[in-house]
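Chemist: Structure for the following, please:
(2 chains)
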Number of protein chains: 2
Amino acid sequence: MVKPISKKISESTVHRLSIYYRALVALENENYKTISSKELAKREKLTPAQVRKDLSFFGSFGTRGLGYPVTELKHKIAGIMGLSSLWNVALIGVGNIGSALVSYKEFAKQGFNIKLIFDNDQRKIGSNHKGITVSDIRYFKKLSNLEKIDMVIIAVPASSAQAVCDDVVEAGIKAILNFAPINLKVPDDIILRNQNMCIELEHLSFALTKRP
Amino acid sequence: MVKPISKKISESTVHRLSIYYRALVALENENYKTISSKELAKREKLTPAQVRKDLSFFGSFGTRGLGYPVTELKHKIAGIMGLSSLWNVALIGVGNIGSALVSYKEFAKQGFNIKLIFDNDQRKIGSNHKGITVSDIRYFKKLSNLEKIDMVIIAVPASSAQAVCDDVVEAGIKAILNFAPINLKVPDDIILRNQNMCIELEHLSFALTKRP
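Modeler: The predicted model follows:
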């Protein structure tokens, strides 16, 4: 059972938990039984203090000198992050990015199952993407309720993203990942994340810029 | 001129600077002249204290009661992040994700110009993607030096990513963004970022999981 978290976990911590989770999966494959905060930090280019602070959210854990038990820590993080669950995902928009996302094998591996695909383009509706038939966006509410969709990925052009987002909210979906380069407006109870593909390149430009 | 940063900026801060930058671009378009830490925090779902702390890296800035000057702050962040520069980018791999990236208009808007595309598939070499002819990966070193490539995006299958990465490092490239779901090994002086498309969905699953 996952211990309830009393302290608020920041966005940045959630981001690092994702990174730790992935590192632990890799370490498990490499047959590591335990990992020290120092090794984990080195691997992910963080400080050991940061790692210890992040993992202290799980209460007293790990043994001084031995480190954290890899599998147990992986399961704890998965529990907190909801990665032990299966999530039903609908994708809206099968343009360039949408098509790439349908083919992205890591989603299913992590429990994110794209169950429905929508578009408003008559040439795309009815076509097949990785075994899923593209549905007309007009039937979003009906189909998403039927398939018990938990999350929606919006991958439509910026010009139609807000209208699509409004339909998604109206259908009762509470979690949205937006790829359109626009600031979507949603009610307070909706969890909205924006995926901007530039951000990682900006980390590179930052690092190159500050070099001597 | 950008004041040299004496304090070390953490990865998380760099990430938030990207977010502030994007918010400031939007605010400028909405004709905002100034923005308070409180408004900026609300917009990006952060705490005002966090915003003030992040922006304190730029030294004393902003006026109590009035907030930060939008355009000036935008330029300061752009300077720090290297976003006022133009960067020459090479893309390796034109599968699903690679093709989507070539079409991603935000890259060029932010100064990331994809100048070269490489693949090892004879059916793809010579084909045209958004005006760029796909080159044979065998000529990577020669062409990337010729075109003064600053950064490389690796979008090849996991099985060939390390070999491609080794070639990129050998060609003298110092900044790599990796889309392959694998932990690449690089020398210490190389800046490597991994783009895992699952991470944002994991923020959603985390948020849905902790709901009552």
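
Chemist: Surely A:Lys148 touches A:Asn88?
Modeler: Yes: counting by Cβ atoms under 8 Å, A:Asn88 is a contact partner of A:Lys148 at 5.5 Å. The way it works is simple: take the backbone N, C-alpha and C, and place the C-beta from them, glycine included.

Chemist: Which one's more surrounded, these two?
Modeler: Here A:Lys148 and A:Asn88 are compared on neighbour count by other Cβ atoms under 10 Å in any protein chain shown; more neighbours surround A:Asn88, at 16 against 8.

Chemist: now that one, what's its secondary structure?
Modeler: State at A:Asn88, reduced to three classes by DSSP: H, G, I helix; E, B strand; the rest coil: strand.

Chemist: Could you report the distance from it to B:Glu202?
Modeler: 15 Å (Cβ to Cβ, to the nearest Å).

Chemist: next one: A:Phe206
Modeler: Remark: distance between A:Phe206 and B:Glu202 (Cβ to Cβ) = 24 Å.

Chemist: With A:Gln162 instead?
Modeler: Plainly put, A:Gln162 is 25 Å away from B:Glu202 if you go by Cβ to Cβ.

Chemist: Of those two, which one has the most company?
Modeler: More neighbours sit around B:Glu202 than around the other of A:Gln162 and B:Glu202, counting by other Cβ under 10 Å; the figures are 27 against 18.

Chemist: Wait, the more buried one touches A:Ile80, no?
Modeler: No: the pair formed by B:Glu202 and A:Ile80 falls short of the contact definition of Cβ under 8 Å, at 10.4 Å.

Chemist: For the longest strand seen in chain A, what is the distance to the chain centroid?
Modeler: Ordering each strand of chain A by length in residues (DSSP state E) puts strand A:112-119 first. When distances are taken as Cα atoms, centre = their mean, to the nearest Å, strand A:112-119 is centred 15 Å away from the chain's centroid.

Chemist: Also stretch A:107-121?
Modeler: Here the centre of stretch A:107-121 is set off from its chain's centre by 13 Å, with Cα atoms, centre = their mean.

Chemist: where does the spatially closest residue to A:Ser205 that is not a sequence neighbour fall, phi/psi-wise?
Modeler: Spatial nearest neighbour of A:Ser205, chain neighbours left out: B:Gly82 (3.7 Å); criterion: Cβ to Cβ, 6 or more residues apart in numbering or on different chains. Listed backbone geometry of B:Gly82 is phi 70, psi 30, with angles given as degrees, to the nearest 10.

Chemist: can you pull the contacts of B:Gly82?
Modeler: With contacts defined as Cβ atoms under 8 Å, 6 or more residues apart in numbering or on different chains, B:Gly82 is in contact with A:Glu202, A:Ser205, A:Phe206, A:Leu208, A:Thr209.

Chemist: State the pLDDT value of the second one.
Modeler: Each residue has a pLDDT score; the one for A:Ser205 is 95.

Chemist: do the same with the first one
Modeler: Looking at A:Glu202, its pLDDT reads 93.

Chemist: Next: the fourth one.
Modeler: Looking at A:Leu208, its pLDDT stands at 94.

Chemist: That one contacts B:Ile176, correct?
Modeler: No: between A:Leu208 and B:Ile176 there is no contact, the gap being 11.3 Å when judged by Cβ under 8 Å.

Chemist: quick one: which of these two has more around it?
Modeler: Taking neighbours as other Cβ under 10 Å, A:Leu208 and B:Ile176 compare with B:Ile176 leading, 22 against 16.

Chemist: chain center to the longest helix that chain A contains: distance?
Modeler: If you go by DSSP state H, chain A has its longest helix at helix A:11-29. The chain centroid and the centroid of helix A:11-29 are separated by 12 Å, computed with Cα atoms, centre = their mean.

Chemist: Report all helices and strands that that helix contacts.
Modeler: On a contact count with 3 or more Cβ pairs under 8 Å, 6 or more residues apart in numbering or on different chains; DSSP states H and E, helix A:11-29 meets helix A:37-43, helix A:48-55, helix A:70-81, helix B:11-29, helix B:198-209.

Chemist: so which of those helices gets nearest B:Thr47?
Modeler: Evaluated with Cβ to Cβ, the helices and strands packed on helix A:11-29 place helix B:11-29 nearest to B:Thr47, the distance being 11.3 Å.

Chemist: buried set for that closest one?
Modeler: Within helix B:11-29, the residues that qualify as buried are B:11-25, B:27, counting by 16 or more other Cβ atoms under 10 Å in any protein chain shown.

Chemist: Tell me the helix or strand right after it.
Modeler: Sequence-wise, the next helix or strand downstream of helix B:11-29 (DSSP states H and E) is strand B:34-35.
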